[in-house]
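Undergrad: Sequence and predicted structure, then a few things I'm wondering about:
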2 protein chains.
Amino acid sequence: MLRLRRIPLEYGKENIIFLSKRNKLFCAEHCSSTMKVEVHGGSTPIYGMTAIVDSDTILKPDELGLSPNAFEKIGIPEGSEVSLILSSAPSSINSLRRKIKGGVLGAKEYKSIVNDITLGRYSKLEIAALEVAESSFITPQEVFFMSEAIAEEQENLKWHRDIVVDEVSIGGVPGNQVGPIVSSIVIGAGMCMPKIAKRSASDPSGAVEVMETMCDVDLDKGAIMGMVEGIGGCIALCGGKMSLSPIDNILFDVEQSLGVGMTQQKVISIISQAISGGITHLVVDIPVGQSSIVRTMGEAMRLRKLFEYVSDMVGIDANVVITDGSEPIGRGIGPVLESRDIMSVLRCNEDAPRELREKALFIAGRVLEFDPKLRGGHGYYRAQEILDSGRALEIMNRLVYAQGKGTPSPLGTLTRDITASTSGVVESIDCAQINRIAMVAGAPLDKGAGVDLLVKVGDEIQQGEILYRIHASQSMAFAFAGGLAEGNSGFKISSDLSSALG
Amino acid sequence: MLRLRRIPLEYGKENIIFLSKRNKLFCAEHCSSTMKVEVHGGSTPIYGMTAIVDSDTILKPDELGLSPNAFEKIGIPEGSEVSLILSSAPSSINSLRRKIKGGVLGAKEYKSIVNDITLGRYSKLEIAALEVAESSFITPQEVFFMSEAIAEEQENLKWHRDIVVDEVSIGGVPGNQVGPIVSSIVIGAGMCMPKIAKRSASDPSGAVEVMETMCDVDLDKGAIMGMVEGIGGCIALCGGKMSLSPIDNILFDVEQSLGVGMTQQKVISIISQAISGGITHLVVDIPVGQSSIVRTMGEAMRLRKLFEYVSDMVGIDANVVITDGSEPIGRGIGPVLESRDIMSVLRCNEDAPRELREKALFIAGRVLEFDPKLRGGHGYYRAQEILDSGRALEIMNRLVYAQGKGTPSPLGTLTRDITASTSGVVESIDCAQINRIAMVAGAPLDKGAGVDLLVKVGDEIQQGEILYRIHASQSMAFAFAGGLAEGNSGFKISSDLSSALG
């Protein structure tokens, strides 16, 4: 038996199990590599990999250390007696091997894989292997099996209503965050829209990050039920009090490091989330653009069919729209900046970004048309009505008030202006590069970080004119983002006016 | 600037860069996830992921910690001033993305990927992604590009001889370690055979682990050159003083955790190693068996063709042999036990395992036939001659003496006998299960651990008779291996004699 100790050291999101190099039972001289082990004695077994510590100040030979996340899960105090055993490979690992070799797995195999992952029996490396294997080859039916298996492991909400709506974008376009505007309009129309969204991995901001600049988003099930009862919806976080599937957690890391949206994985993630959230009707936005996640119309079409097939199988009515993702939508990129634009649209300000307003009305219109009482084709005008009447703003204010006070997020005070090196017309803006600069500056984790676009495609500009402003709060991130932007601003400026315009 | 500190904590083989949660420049409140960073100020930049420490005893706010492996690489003392910057994605990551999406990469792309990996710019997760993507789909030409790229990054040996030989098995069969016998015979015949082998990942023992029970294997380049000059060969470690490619290092982890031999990766690993070692002629053994790594003749054939294509491209004369991998070869499984069997074969003992002797003579014969002076078909007999004359034993003794004293490895004193549950005839032995039991018992890291087979396929046995003995030195590993063997001994015993024999 070993005495439990909390080790205040986080590395990724993995459960780390610390052992002393002088631990006689497990280590001796042979122990130099990581082992998969299980810790028993708490409210739940902890599966993880061993880290070997060669310092009695950090960990004594008769102690077993757990990283903070694992310590929280085991649910017993420091000093408790725990025991350690070597972990055998989870039984579903054979299915994973088959998948890696190009096999097609069945529903039961996906259930067993997802179950083992949820129990923490897969290493990060193994989950990454699964995701890469899936992104190499997966059948639509397998996408369905996997989505259902993940949804089954999550806490599922039931609403006892005929229509529960949501909208989601697969991302990749800067300033594309229409979520909070759409929610305000749709809830304003009397529909039920309980948005429970993940943090953004591959984009500089998501709906929850925007809301988080104004109010609390980490709601528990009771609070979410209350919000839906009282207002008709919420914008809450999946991955805090509402738990996030460990698969999505790792997907997040894989996405971050590979910087790719693995599109089939996005379908799995979006559909499983919709099932868990009790969503019956879903609008999915696929922006297509040369510098976006989905680059060609053909790819977008295949993805649309996949969404349609899987949502049909799980009984969700999905309306998949393919939109223009060739250039940034709003002006601000990053939570605080996007929240500024969103509030400006909701307030119907004269200078509110027009494209953001239009996209929000378009998406909200599609959601509203799920309502059988609304005449086909009238969604957009109904949305416009609700937005322009101030009803949407009123709903947003109620949401912010009801979700409770969060930590206010100031805009990053370190700023750097990126200017045009030549005069001419903005021919194109590289979405991926602008997103990258905003993320390197700190977004979305640092809410005040991001990029504020001052000109758009088609604008005529003079040499030295400001293209955009980088905001950051950490000096390292600031320096790095500045360097990145100086190296490649993401703007293509054509000095030949006639060719650019025409 | 931060002050450098060595943190005595190992987790996998990754470079870990420790930062205090109270580090003002980098962390503040926003810093909760791992970041890819670069540490500058030492003899080489260190690339790695951050671990966040929330304890001033472990790490002070103005300190930067490095895990022991990274600390060794940076090559400057504790307290030195170092600086930290965020790391951008390596440029080759775009090629990786293409590979994940099923693309075919060119020679330059593989060079750039391997170069970035060697510099430590890829995370473990990214390398795993590459390997899984490659094992899903890779062309023979890409296998060639990748092998060459890896070889270029390693320290390459040149021998200025026409024929420099080696032999290698893709593994998966227990007790298949003929390497030291073959080396002794081949060197005894006057050929040059500088074996520089990796530690075993998916098997309970490799040639270096066997040698390591008798002598030192961690030789530097000078020592290896001296051995080849004086005796004609050596059995040395790749991954100690002779450095191992970081790709192979991670491949090791992926193989260990997925438990699969990704065969194309084995080709890359074997061919790149042969190039680095200056090998001109190579015998490759592919054992085929239902419970081995390669399970069907078709698979073995494809693998043979791949080996032949790639070795032709890099200018190595490869003789690929497909052998019987349906059952264990020798008796002992694990370094000490296999070394016992190997010495018994070299001493030409009456009770030496016959199959091990035969396999060694077969493989050695194939290697000897690379010699143009030897008449075709005479390799086996020449090998037999050298073994039976005591010349091979003499060479082994010289190798052991010249390589120098290592740490003697005793046989594990914790033993457990696994007995037959019924009387009958041994119909089959599950190679994968026997290997798994030996590895769970601690092999190959714990050299004294393993499985000692007392009966073989075709043997008639009585209920209660010992099938094999598990050896271990760590009590946890011992208990776990015992449980694994009780659950599934790996032996199939047929009580119906006629059906089993006939």
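TA: Structure received. Numbers count the residues shown, from 1 in each chain, chains lettered A, B, ... in the order given.
Undergrad: ok, what's across the strand from the nearest residue to residue A:11 once chain neighbours are set aside?
TA: Spatial nearest neighbour of residue A:11, excluding adjacent residues (CB to CB, 6 or more residues apart in numbering or on different chains): residue B:51 at 3.9 Å. Every residue, glycine included, has its C-beta placed from N, CA and C. As for beta bridges, residue B:51 partners with residue B:18 under DSSP bridges.
Undergrad: so which helix or strand takes in the most centrally placed residue in chain A?
TA: Taking CA atoms, centre = their mean, the centroid of chain A lies closest to residue A:200, which sits 2.8 Å from it. Here residue A:200 sits in a region with no helix or strand, counting by DSSP states H and E.
Undergrad: My read is that it contacts residue A:439, right?
TA: No. Here residue A:200 lies out of contact with residue A:439, judged by CB atoms under 8 Å, at a distance of 9.2 Å.
Undergrad: thinking again about what came up before, ok, now which ones touch the residue nearest to residue A:11?
TA: A:9-11, B:16-19, B:34, B:65 (CB atoms under 8 Å, 6 or more residues apart in numbering or on different chains).
Undergrad: In the stretch 301-450 of chain A, what residue lies closest to chain B?
TA: residue A:446 (4.2 Å; CB to the nearest CB).
Undergrad: ok, that residue - how many residues close by?
TA: 24 (other CB atoms under 10 Å in any protein chain shown).
Undergrad: Can you tell me which residues in the stretch 51-200 of chain A are near chain B?
TA: A:51-55, A:57-58, A:68, A:84-86, A:88-89, A:93, A:96-97, A:100-102, A:123-126, A:128-129, A:132-133, A:135-137 (CB under 8 Å from any CB of the partner chain).
Undergrad: Take these and keep only those in strands.
TA: Mapping those onto strands (DSSP state E) picks out A:51-53, A:84-86.
Undergrad: In these, which residue is surrounded by the most others?
TA: Most crowded among these, counting by other CB under 10 Å, is residue A:53 at 28 neighbours.
Undergrad: so how far is residue A:5 from it?
TA: Distance of residue A:53 to residue A:5, computed by CB to CB, to the nearest Å: 10 Å.
Undergrad: so what's residue A:134 closest to, chain neighbours aside?
TA: Per CB to CB, 6+ apart, closest to residue A:134 is residue A:264, 6.1 Å.
Undergrad: mind checking how far stretch A:185-197 is from the chain centre?
TA: 19 Å (CA atoms, centre = their mean, to the nearest Å).
Undergrad: Between the two ends of it, what distance do you get?
TA: 18 Å (CA to CA, to the nearest Å).
Undergrad: repeat for stretch A:97-113
TA: OK, stretch A:97-113 end separation, CA to CA: 11 Å.
Undergrad: what does that stretch rub up against?
TA: With CB under 8 Å, 6+ apart as the test, stretch A:97-113 has contacts from A:91-92, A:95-96, A:122, A:129-130, A:133-134, A:136-137, A:139, A:141-142, A:145-146, A:148-149, A:152, B:132, B:135-136, B:258-260, B:262.
Undergrad: Buried only: go through these for me.
TA: Among these, the ones that count as buried by 16 or more other CB atoms under 10 Å in any protein chain shown are A:92, A:95-96, A:122, A:129-130, A:133-134, A:136-137, A:142, A:145-146, A:148-149, A:152, B:132, B:135-136, B:258-260, B:262.
Undergrad: so who does residue A:428 touch?
TA: Here residue A:428 is in contact with A:291, A:326-327, A:457, A:491-492 (CB under 8 Å, 6+ apart).
Undergrad: one more time with 7 Å, if that's ok
TA: Applying CB atoms under 7 Å, 6 or more residues apart in numbering or on different chains, we find residue A:428 in contact with A:327, A:457, A:492.
Undergrad: Likewise for residue A:459?
TA: residue A:426.
Undergrad: in the stretch 401-502 of chain A, what spans have low per-residue confidence?
TA: Flagging of the stretch 401-502 of chain A using pLDDT under 70 yields the residue ranges A:496-502.
Undergrad: Can you show me the helices along it?
TA: Applying DSSP state H, counting those that start in this stretch to the stretch 401-502 of chain A gives helices spanning A:431-440, A:475-487, A:497-501.
Undergrad: chain center to the second one, what's the gap?
TA: With CA atoms, centre = their mean as the basis, helix A:475-487 stands 24 Å off its chain's centre.
Undergrad: Same check on stretch A:104-117?
TA: Worked out by CA atoms, centre = their mean, stretch A:104-117 lies 23 Å from the chain centre.
Undergrad: Just give me the longest helix of chain A.
TA: helix A:297-314 (DSSP state H).
Undergrad: How about that one, which residues are buried there?
TA: For helix A:297-314, by 16+ other CB under 10 Å, it's A:300, A:303-304, A:306-307, A:310-311, A:313.
Undergrad: Now flag whichever of those residues is closest to residue A:367.
TA: residue A:311 (14.6 Å; CB to CB).
Undergrad: Got the domain ranges for chain A?
TA: For chain A, automatic domain parsing gives the domain ranges A:2-86, A:165-233+A:270-403, A:414-501.
Undergrad: check contacts around residue A:2.
TA: Counting by CB under 7 Å, 6+ apart, residue A:2 touches A:62-64, A:82, A:84.
Undergrad: For those, which single residue is the most surrounded?
TA: Neighbour counts for those peak at residue A:64, which has 28 neighbours (criterion: other CB under 10 Å).
Undergrad: and that residue, that one's in a helix?
TA: No. Using DSSP: H, G, I helix; E, B strand; the rest coil, the assignment for residue A:64 is strand, not a helix.
Undergrad: ok, and the closest non-adjacent residue to it?
TA: Closest residue in space to residue A:64, ignoring its immediate chain neighbours: residue A:2 at 3.9 Å, by CB to CB, 6+ apart.
Undergrad: Bridged to that neighbour, which residues?
TA: Counting by DSSP bridges, residue A:2 is bridged to residue A:82.
Undergrad: Please apply the same query to the one 4 residues further on.
TA: Per DSSP bridges, the residues bridged to residue A:6 are residue A:66.
Undergrad: How about the contacts made by it?
TA: Residue A:6 sits next to A:66, A:68, A:71, A:78 when contact means CB under 7 Å, 6+ apart.
Undergrad: Next step: these restricted to helices.
TA: Using DSSP H, the members of the contacts of residue A:6 that fall in helices are A:68, A:71.
Undergrad: correct me, but residue A:489 touches residue A:467?
TA: Yes. Using CB atoms under 7 Å, residue A:489 is in contact with residue A:467, at 6.2 Å.
Undergrad: which neighbours do those two share?
TA: residue A:418.
Undergrad: More neighbours: these two, which one.
TA: Neighbour count, other CB under 10 Å: between residue A:489 and residue A:467, residue A:467 has more, with 24 against 20.
Undergrad: Would you mind measuring from residue A:491 to residue A:295?
TA: The gap separating residue A:491 from residue A:295 is 19 Å, by CB to CB.
Undergrad: The residue nearest to residue A:490 when sequence neighbours are not counted: how many residues sit nearby?
TA: Counting by CB to CB, 6+ apart, residue A:490 lies nearest to residue A:433, which is 3.5 Å off, once chain neighbours are set aside. Residue A:433: 18 surrounding residues under other CB under 10 Å.
Undergrad: Closest to residue A:183 out of the contacts of residue B:51?
TA: Of the contacts of residue B:51, the one sitting nearest to residue A:183 (CB to CB) turns out to be residue B:34, at 31.7 Å.
Undergrad: Give me the pLDDT for that closest one.
TA: Looking at residue B:34, its pLDDT is 66.
Undergrad: And for residue A:203?
TA: On the pLDDT scale, residue A:203 is placed at 87.
Undergrad: One more: residue A:189?
TA: You'll see residue A:189 listed with a pLDDT of 97.
Undergrad: Wait, it touches residue A:386, no?
TA: Yes. If you go by CB under 7 Å, residue A:189 and residue A:386 touch, sitting 5.8 Å apart.
Undergrad: distance between the ends of stretch A:192-202?
TA: Taking CA to CA, stretch A:192-202 runs 28 Å from one end to the other.
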